[in-house]
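Engineer: sequence first, then the predicted structure, then my questions.
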Amino acid sequence: MTTSLLKKYFQGFPSLDACPGSASSPVVAVEQTLRDYYNEIIPTIEKHEIEISKSTPRLNFWVGTRLGTSELAHSDFLAFLFSKSQNHCQRDEFLKFFLCSIDLDNDFIHSLVNDGYFVTLERPVGNLERVDIAIESSTAILWFEVKVNASISFNRQGESQLEAYTKYLEKEISRKNLDKKNGKLIFVSKSSSVHSLPQTIDITWKEIAQIVRRYEMIKIPDTFFGKILVMYSQFLEAEAI
């Protein structure tokens, strides 16, 4: 806000000279006078801010990062957020918040997060297949298949990626001798798919944007990293990927 605007907004501020009391005694502001003044000026400020937001493009550095519709780039950033060893200083807080937000049960979250999990990008799960993100501990498995403006592909046997990954997940669960409930596959896409595959959870980019925004509001408001997350959520919503 410019100096001229400040003068414009506050030129009618109740004068202290009008308040009772001498110069040597405490100045007593009349509460109702101040309340009336602010009730009158706030709509003017809000109207001006709306006009600025309409005429001035909102800065979002993600637009300049070539993030766009790159599945690898979005997977990289999500994996960065999920990892407890990155320099975002959130440890495992974002991962726990994310898992709670998609209603995974506490036993699974505890098995994954509290048992020394690690995050892997492009994890091999078959002869040629790779899941985009894998979060695994000794007692739980969470895989992500990420789609950006793309549909599910099929292999030579006519199986969809989700069907193939579900089978690979079941084999990995068996190999590690885990309970079936401790293996999950999350499918990220523009819109929820219709399937009845076991252990598979659908989530949209819009829902991820909402989770990221809530995390900022609840956990790290008014911080530099929080602003980065807000811009990412805005980018997801604007791109409608």
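Structural biologist: Here it is on my side, so go on. Numbering: from 1, shown residues only.

Engineer: domain map for this structure?
Structural biologist: 3-55, 62-239 (automatic domain parsing).

Engineer: where in the chain is pLDDT low?
Structural biologist: Along the chain, segments meeting pLDDT under 70 span 1-31, 34-35, 37-38, 42, 45-46, 48-59, 151-159, 193-196, 240-241.

Engineer: rerun that using 90 as the cut-off
Structural biologist: For the chain, the stretches with pLDDT under 90 are 1-70, 103, 114-116, 126-129, 148-164, 190-200, 222, 234-235, 237-241.

Engineer: spatially central residue in it, please.
Structural biologist: Taking CA atoms, centre = their mean, the centroid of the chain lies closest to V212, which sits 1.4 Å from it.

Engineer: quick revisit: out of the domains of the chain, deepest packed?
Structural biologist: Of the domains of the chain, the one with the most neighbours on average (mean count of other CB atoms under 10 Å) is domain 62-239, at a mean of 16. (Each C-beta comes from the backbone N, C-alpha and C, glycine too.)

Engineer: can you give me the end-to-end span of that domain?
Structural biologist: From its first residue to its last, domain 62-239 covers 11 Å (CA to CA, to the nearest Å).

Engineer: give me phi/psi at the nearest residue to K147 once chain neighbours are set aside?
Structural biologist: For K147, ignoring the flanking residues on the chain, the nearest one in space by CB to CB, 6 or more residues apart in numbering is S189 at 4.3 Å. Per-residue torsions, S189: phi -160, psi 180 (degrees, to the nearest 10).

Engineer: so who does S189 touch?
Structural biologist: K147, D202, T204, W205 (CB atoms under 8 Å, 6 or more residues apart in numbering).

Engineer: ok, it to S111 distance?
Structural biologist: 26 Å (CB to CB, to the nearest Å).
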